[in-house]
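Asker: Generate a structure from the sequence data that follows.
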Amino acid sequence: MIVKRIAAIIGLYFVLFVMNISCRREHFLITGIRFESATLDKEKAEMRFNDYVPTSVFTKDIVFVISYETVFVALNSFNLNSNCHALTLGKIMDNKLLDETFSISLDHPFIYNSDTVKTNQNILENASIKKEIEIFESNQAFHNSGADKVFSFSDYFMKNAKFDTISYNVAFYCKTSDNIEFNEQISVKFRIE
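Answerer: Numbering: from 1, shown residues only. Take a look at the predicted model:
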């Protein structure tokens, strides 16, 4: 009888332990972003696994990376066992970057397909340019910042865009689902041939 009770208690503890591990989720808020220029370092079978390195001079490709700065806000847990370190907990972002608010603009005009793209024009609103930009989540950490959103411009765009040899200030703007606004600027040069 005592053995059955001990077995039942151990079984109950095991069930609760498994529920605790499977239901744990860490909650984070996006509190900032870093907007950076990059170039492809190592190409993988899927774009989201590519490795990128920082650059301020585009020579072979045009890539922008938005890295999220997050803060831990909560952990859902029964806290039955806090010593299980071998598992990766689920990560939930309690706010999201809203793709429809993304804006990329340059402080000098450039030519694309024989048309002038004006100073400070949001190039993501230009349909012929936007279709030449692959926007995706990267599974690789850029500068150990966690999740990244990558903007990779196509070869077609690079062949049909003409930039002056001056430095361009590139501005990125976006909002989160909880109305936090981010506006970042970087300086780049285009030396694509």
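Asker: center of this protein - which residue?
Answerer: Asp148 (2.0 Å; C-alpha atoms, centre = their mean).
Asker: Can you give me the pLDDT of that residue?
Answerer: At Asp148 the predicted local confidence, pLDDT, stands at 81.
Asker: do Phe35 as well
Answerer: The score at Phe35 is 94. That number is its pLDDT.
Asker: in what helix or strand does it lie?
Answerer: Per DSSP states H and E, Phe35 falls inside strand 25-42.
Asker: buried ones in that strand?
Answerer: Across strand 25-42, burial judged by 16 or more other C-beta atoms under 10 Å covers 26-30, 33-38, 40. For the C-beta atoms, the positions are set from N, CA and C on the backbone; glycine is no exception.
Asker: show me the contacts for Leu40.
Answerer: Residues in contact with Leu40, defined by C-beta atoms under 8 Å, 6 or more residues apart in numbering, are 50-52, 60-61, 63.
Asker: related to what we said a few turns ago, could I get the buried residues of strand 25-42 as JSON lines with distance to Thr116?
Answerer: JSON lines is the format used below for the buried residues of strand 25-42 (distance: C-beta to C-beta, whole Å):
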{"residue": "Glu26", "distance to Thr116": "47"}
{"residue": "His27", "distance to Thr116": "46"}
{"residue": "Phe28", "distance to Thr116": "42"}
{"residue": "Leu29", "distance to Thr116": "40"}
{"residue": "Ile30", "distance to Thr116": "35"}
{"residue": "Ile33", "distance to Thr116": "29"}
{"residue": "Arg34", "distance to Thr116": "30"}
{"residue": "Phe35", "distance to Thr116": "24"}
{"residue": "Glu36", "distance to Thr116": "27"}
{"residue": "Ser37", "distance to Thr116": "22"}
{"residue": "Ala38", "distance to Thr116": "26"}
{"residue": "Leu40", "distance to Thr116": "28"}
